[in-house]
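Undergrad: Need the 3D shape of this:
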Amino acid sequence: MSRGLQVVRTDASSGSSGGAASTSSAALSASGPESGLLDRGYAGSCSALLKVAQMLLLLIGFICIIASPVAGHSTYTYFKIVSMFDLVMIFIFYVVYIFRIYRMLTCINWPLAEFLHYLIGTTLLLIGSVVVVARSSGSASLTAGAVFGFLASFLCLLSIWLSYKVSCVTQSTDAAV
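TA: As a prediction, this is how the structure comes out:
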């Protein structure tokens, strides 16, 4: 078995042949820390905290752009659409991981989907932030929105790097075994 990976048992059977004993051990295993609606281990992880910080920065950047008097221009509309799309997608991935939906939807490669989302979303967010800075013309709210967009892009790049690092380390340890 490779280092750093944990084997997760997906069934509640204990292997005993008695019906009552099997039911009681299934009830005991269902009340353990691995069961429940929320994954409390993920909620405090670096990945979850990064997602929360990204969502907050994107929301603040969106509000800053909306607060600008020239927010109706198509340049700023692009930034608003991209920031809201990223916010919604990050929230979806957060919900998928915190409620362990990935265990039910095994047909989707969640790490790959998240990696591709971050790759495309970060590129679009960087483009939108650069365009907003170029067209801000001294407006404080537009500049602040672009700065929050750049900060969110940096955190998204950090998430890309961490997911790539985890997947490469996992694959290299699997290949070595």
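Undergrad: Any stretches of this structure with poor pLDDT?
TA: Low-confidence segments of the chain, defined by pLDDT under 70: 1-35, 166-177.
Undergrad: Which stretches in this protein count as helices?
TA: Using DSSP state H, the helices found in the chain span residues 19-30, 40-43, 46-67, 74-98, 110-134, 140-176.
Undergrad: quick one: the last one to chain centroid distance?
TA: Averaged C-alpha coordinates place helix 140-176 at 10 Å from its chain's average position (Cα atoms, centre = their mean, to the nearest Å).
Undergrad: Taking helix 110-134 as reference, get the angle to it.
TA: Helix 140-176 and helix 110-134 are oriented at 150 degrees to each other (axes from the mean of the first three to the mean of the last three Cα atoms, to 10 degrees).
Undergrad: buried residues in helix 140-176?
TA: 141-153, 155-156, 158-160, 163 (16 or more other Cβ atoms under 10 Å). Any C-beta I mention is one placed from the backbone N, CA and C, and that applies to glycine too.
Undergrad: still on that earlier bit, could you save the helices of the chain as JSON lines and add columns showing distance to residue 104?
TA: Shown next, in JSON lines, are these (distance: least, Cβ to Cβ, whole Å):
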{"stretch": "helix 19-30", "distance to residue 104": "16"}
{"stretch": "helix 40-43", "distance to residue 104": "15"}
{"stretch": "helix 46-67", "distance to residue 104": "19"}
{"stretch": "helix 74-98", "distance to residue 104": "10"}
{"stretch": "helix 110-134", "distance to residue 104": "11"}
{"stretch": "helix 140-176", "distance to residue 104": "21"}
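Undergrad: Please tell me how far residue 110 sits from residue 65.
TA: 31 Å (Cβ to Cβ, to the nearest Å).
Undergrad: Likewise for residue 116?
TA: From residue 116 over to residue 65 (counting by Cβ to Cβ), the distance is 26 Å.
Undergrad: do the same with residue 86
TA: 13 Å.
Undergrad: do residue 127 as well
TA: Residue 127 is 15 Å from residue 65, by Cβ to Cβ.
Undergrad: Also residue 75?
TA: 10 Å.
Undergrad: Spit out the residues that contact these two alike.
TA: Contact criterion Cβ atoms under 8 Å, 6 or more residues apart in numbering; residues shared by residue 75 and residue 65: residue 132.
Undergrad: Between those two, tell me which one has more neighbours.
TA: Shown here are residue 75 and residue 65; by other Cβ atoms under 10 Å, residue 65 has more neighbours (27 against 16).
Undergrad: That one and residue 71 touch, don't they?
TA: Yes. Residue 65 is in contact with residue 71 according to Cβ atoms under 8 Å; the separation is 5.7 Å.
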